[in-house]
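Participant: Could you look at this predicted model? Sequence included:
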Amino acid sequence: MKIKSFIAENEEFMKKSGITNARNELFWILEEKISLSKKDILLFPEKQLSQEELALLIPLIQKRCQRYPLQYILGKSDFMGLVFEVGEGVLIPRPETELIVGYGIKNFPKNAFILEIGSGSGCISTALKYFRPDLNIVAVDISEKALEYTLKNSETILKQKTPFQFYLSDCFENIPPFPFDAVISNPPYLSLNDMQMIDRELLYEPPIALSPGEEGLSVYQKIAKARPDYLKASGQIVLEIGYNIEENVKKIFSDYRLVETIRDFQNIARTLVFEASCR
Ligand SMILES: C[S@@+](CC[C@H](N)C(=O)[O-])C[C@H]1O[C@@H](n2cnc3c(N)ncnc32)[C@H](O)[C@@H]1O
């Protein structure tokens with residue numbers, strides 16, 4: 001089959017499955033899976049795809065039409081301009097999470113000690129350390145699979161063996177007390193109700209990364225116990241929040257002082273920064 005017919009047929013097929021960016025997705029899949037760049041495709045549209053290439057590509061496109069996430073097909077995802085390996089068992093980094101990293105790069109004190117709860121792909125901790133090599137980071141996740149991704153991505157991107165300390169832990173459970181300068185987290189925050197209405201693509205991501213159950217607040221409640229054992233007196237807690245839980249999270253942290261609400265480009269509150277000093 002010629003490349004141009006392959007693109008035409010599959011673009012149509014993908015669009016019918018509701019994939020709006022089908023042409024670009026096809027270019028990305030061809031580049032990643034058979035090393036055929038967009039330039040090659042445009043210069044040589046008559047080139048034939050081999051049977052082996054078709055046997056590799058067609059099942060992937062069928063999977064994509066079942067709304068299997070593109071990033072899992074490509075095996076990678078961009079975050080803060082860095083490339084993270086992703087696959088089943090780990091949350092795909094989201095652009096809104098870059099706000100936590102931006103805050104940390106600008107505000108964390110020199111040589112600060114940072115604890116990340118729920119490191120997943122390692123995107124937050126790795127990007128922070130990449131742009132602020134002076135920071136000392138401890139990464140924690142409750143999922144062994146997620147922690148494997150944190151380790152792999154941090155080592156590949158930072159070109160360093162075990163650049164952080166890693167703990168398999170339910171929040172602070174397995175971490176020795178230490179006065180961190182900041183505890184940061186993008187915790188699972190969807191409620192059971194939200195989980196009934198999620199997009200099909202999210203169904204392929206690990207439920208433990210999306211929802212802690214019930215109201216979606218239990219990991220925030222555990223993180224609020226950071227003080228006094230895991231936070232300096234002037235330490236900060238930097239948290240991503242869901243679009244509808246801002247007030248609930250503020251209530252959970254009512255013993256802390258809210259220092260900043262960071263909004264995304266749509267003006268939605270995405271990150272809350274609290275300080276340990278009593279109100
Ligand atoms: C929303 S994902 C965030 C992953 C990554 N930090 C990011 O921003 O893409 C939440 C992560 O928290 C982990 N997690 C869920 N409950 C946890 C708990 N009680 N203690 C530690 N980690 C937890 C999940 O396994 C998942 O990797």
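Facilitator: Looks like it came in fine.

Participant: Let me see the ranges of the helices in the stretch 151-279 of the chain.
Facilitator: Here the stretch 151-279 of the chain has its helices, by DSSP state H, counting those that start in this stretch, at 192-195, 207-210, 218-223, 246-252.

Participant: So for the third one, what gets flagged as buried?
Facilitator: Same thing as helix 218-223. Buried residues in helix 218-223, defined by neighbour count with 16 or more other Cβ atoms under 10 Å: 218-220, 222-223. Using the backbone N, CA and C atoms, a C-beta is placed for each residue, glycine as well.

Participant: Can you list the helices and strands that it packs against?
Facilitator: strand 180-185, strand 231-240, helix 246-252 (3 or more Cβ pairs under 8 Å, 6 or more residues apart in numbering; DSSP states H and E).

Participant: what is the mean pLDDT for that helix?
Facilitator: In this model, helix 218-223 carries a mean pLDDT of 97.

Participant: Extract the CA atoms of that helix and return them as CSV.
Facilitator: What follows is the C-alpha trace of helix 218-223 in CSV, where atoms were taken according to Å, rounded to 0.1, in the frame of the first residue of the first chain:
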residue,chain,number,x,y,z
SER,A,218,-8.5,11.7,51.0
VAL,A,219,-4.9,12.2,49.7
TYR,A,220,-5.2,15.9,50.4
GLN,A,221,-6.3,15.0,54.0
LYS,A,222,-3.2,12.8,54.4
ILE,A,223,-0.9,15.5,53.0
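
Participant: how many neighbours does residue 199 have?
Facilitator: Residue 199 has 8 neighbouring residues, counting by other Cβ atoms under 10 Å.

Participant: what residues does the stretch 51-200 of the chain put near the ligand?
Facilitator: 91, 93, 97, 117-121, 123-124, 140-143, 146, 170-171, 186-188 (Cβ under 6 Å from any ligand atom).

Participant: Mark which of those residues are part of strands, please.
Facilitator: 117, 140-141 (DSSP state E).

Participant: what would those residues look like in a markdown table with pLDDT?
Facilitator: Conversion of these to a markdown table gives the following (pLDDT from 0 to 100):
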| residue | pLDDT |
| --- | --- |
| 117 | 98 |
| 140 | 98 |
| 141 | 98 |
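
Participant: In JSON lines: the residues you listed, plus distance to residue 110.
Facilitator: Listed next are these as JSON lines, based on distance: Cβ to Cβ, whole Å:
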{"residue": "117", "distance to residue 110": "23"}
{"residue": "140", "distance to residue 110": "23"}
{"residue": "141", "distance to residue 110": "27"}
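
Participant: So for residue 18, which of the helices and strands packed on helix 218-223 sits nearest?
Facilitator: strand 231-240 (27.3 Å; Cβ to Cβ).

Participant: Tell me if the closest one is near the ligand.
Facilitator: No - counting by Cβ under 6 Å from any ligand atom, the ligand is not contacted by strand 231-240; separation bottoms out at 7.0 Å.

Participant: Please list the residues outside that strand that contact it.
Facilitator: Applying Cβ atoms under 8 Å, 6 or more residues apart in numbering, the contact partners of strand 231-240 are 96-97, 99-100, 103-104, 107, 179-187, 189, 220, 223-224, 226-227, 249, 253, 256, 259, 270-277.
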